[in-house]
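> just coords:
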């Protein structure tokens, strides 16, 4: 038996060497061989764990889950440092498969483990747990886990702040959402989420009928981020808000911009409908027909009769 144990360990360390030298196929072969020798339960468990890791790296997520869940039940597994991390890994494998319920369970198991020395993984597990709740539309629980990730202050804090704000908005807590977004913009002025957070701030003010502040933030996007995908939507919304306030000249000014910049966009189509309404309200059928022709379009006789 002693000789078999030594041989199994030799095979296992050969596999580890292949793994460390980026030879996954050879590593898999020797980990499988070490597992099959079935002498030392700890070596068997370690081999099974690393077979799961190799499957994950090849994006064979179901195989990875199967290996790691089998590893957790093996005799030698519980004493290993990999035991706690296996729940974190299982969480990611389920997450990559978009099985958010099982991913959530696995990440929370990891967060309940007795060995949370890796603060970065703890913060990340809180983020992914929050994401799982978010994807399942359980926004109050998602917000709690995003808050924990923010408090841990390790990685992707700006993302956590942005997502927490979205949760607030989806629960109609618009003032809290605005506060969260402003905090994000102040703390991380160079974040990739600044443009989106500026747009969401505008949307939140619009939701509470604070149109002046809403337009201020829409204008920020137009002025400061001219290449952003939010620009067209912002211009259109400014136009709509002016129209709703019966400021038709200002509404036309903004809605006309969209038609000139990207006439085939959905925003341009929406803008054209409001422009038609403006002409109809002003009873200017000839001007409407001329405007539509200048845009390469036409107006039906019925529409002209309505004007």
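Right, received. Where do you want to start? Computed from a prediction, not measured in an experiment: that's the story for all the values here.

> which stretches of the stretch 201-307 of the chain form helices?
Per DSSP state H, counting those that start in this stretch, the stretch 201-307 of the chain carries helices over the ranges 211-224, 230-244, 248-261, 266-281, 285-294, 301-306.

> quick one, which of the ones you listed is nearest to residue 31?
Checking those against residue 31 by C-beta to C-beta gives helix 230-244 as the closest, at 48.9 Å. The C-beta positions use only the backbone N, C-alpha and C, and glycine is treated the same way.

> what is the closest one packed up against?
With contacts taken as 3 or more C-beta pairs under 8 Å, 6 or more residues apart in numbering; DSSP states H and E, helix 230-244 sits against helix 194-207, helix 211-224, helix 248-261, helix 266-281.

> of those helices, which is nearest residue 232?
Closest approach to residue 232 among the helices and strands packed on helix 230-244 (C-beta to C-beta): helix 266-281, 4.4 Å.

> could you check the angle helix 248-261 makes with the closest one?
Helix 266-281 runs at 140 degrees relative to helix 248-261, counting by axes from the mean of the first three to the mean of the last three C-alpha atoms, to 10 degrees.

> mind listing what's buried in helix 266-281?
By neighbour count on 16 or more other C-beta atoms under 10 Å, the buried set for helix 266-281 is 267-268, 270-272, 274-276, 278-279.

> quick one: average confidence on that helix?
The pLDDT scores in helix 266-281 average 85.

> same thing with stretch 98-110?
97.

> ok, and what's touching that stretch?
Here stretch 98-110 makes contact (C-beta atoms under 8 Å, 6 or more residues apart in numbering) with 84-85, 87-88, 90-92, 94-95, 121, 125, 128-129, 131-133, 135-136.

> among these, which ones are buried?
Of the contacts of stretch 98-110, these count as buried by 16+ other C-beta under 10 Å: 84-85, 87-88, 90-92, 94-95, 121, 125, 128-129, 131-133.

> now, which of those residues sits nearest residue 159?
Looking across these and measuring by C-beta to C-beta, the closest to residue 159 is residue 131, at 9.5 Å.

> that closest one contacts residue 163, correct?
Yes: look at residue 131 against residue 163 with C-beta atoms under 8 Å: they come within range, at 7.5 Å.

> touching both of those two, which residues are there?
Contact criterion C-beta under 8 Å, 6+ apart; residues shared by residue 131 and residue 163: residue 142.

> confidence-wise, which of the helices of the stretch 201-307 of the chain is weakest overall?
Mean pLDDT is lowest for helix 301-306 out of these, coming in at a mean of 56.

> need the longest helix for the protein.
Assignment by DSSP state H gives helix 2-20 as the longest helix of the chain.

> give the next helix or strand downstream of that one.
Downstream of helix 2-20, the first helix or strand assigned by DSSP states H and E is helix 24-37.

> show the average pLDDT along that following helix.
96.

> residues in contact with that helix?
The list of residues contacting helix 24-37 from outside it, by C-beta under 8 Å, 6+ apart, reads 4, 7-9, 11-12, 14-16, 18-19, 43-44, 47-48, 50-51, 54, 57-58.

> which residues does residue 72 contact?
The contact partners of residue 72, by C-beta under 8 Å, 6+ apart, come to 83, 86.

> kindly recompute the last result at 10 Å.
Neighbouring residues of residue 72 by C-beta atoms under 10 Å, 6 or more residues apart in numbering: 45, 48-49, 78, 82-83, 86-87, 90, 109.

> what helix or strand is residue 176 on?
Residue 176 belongs to helix 174-187, assigned by DSSP H and E.

> packing partners for that helix?
Secondary-structure packing of helix 174-187 (3 or more C-beta pairs under 10 Å, 6 or more residues apart in numbering; DSSP states H and E): helix 139-152, helix 157-170, helix 194-207, helix 211-224.

> picking that back up, format the contacts of residue 72 as a markdown table; extra columns: distance to residue 286.
Below are the contacts of residue 72 laid out as a markdown table (distance: C-beta to C-beta, whole Å):
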| residue | distance to residue 286 |
| --- | --- |
| 45 | 84 |
| 48 | 80 |
| 49 | 78 |
| 78 | 84 |
| 82 | 78 |
| 83 | 79 |
| 86 | 74 |
| 87 | 72 |
| 90 | 69 |
| 109 | 71 |
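
> pick the one among those closest to residue 174.
Lowest distance from residue 174 to the contacts of residue 72 (C-beta to C-beta) belongs to residue 109, with 34.9 Å.

> that closest one and residue 268, how far apart?
Separation of residue 109 from residue 268 (C-beta to C-beta, to the nearest Å) stands at 50 Å.

> tell me how far stretch 270-280 is from the chain's mean position?
Stretch 270-280 has its C-alpha centroid displaced from the chain centroid by 36 Å (C-alpha atoms, centre = their mean, to the nearest Å).

> need the residues that contact that stretch.
Residues outside stretch 270-280 that contact it (C-beta under 10 Å, 6+ apart): 232-233, 235-237, 239-240, 242-244, 248-249, 251-252, 254-259, 263, 265, 284-292, 295, 297, 299, 303-304, 306-307.

> many thanks, I have nothing further to ask.
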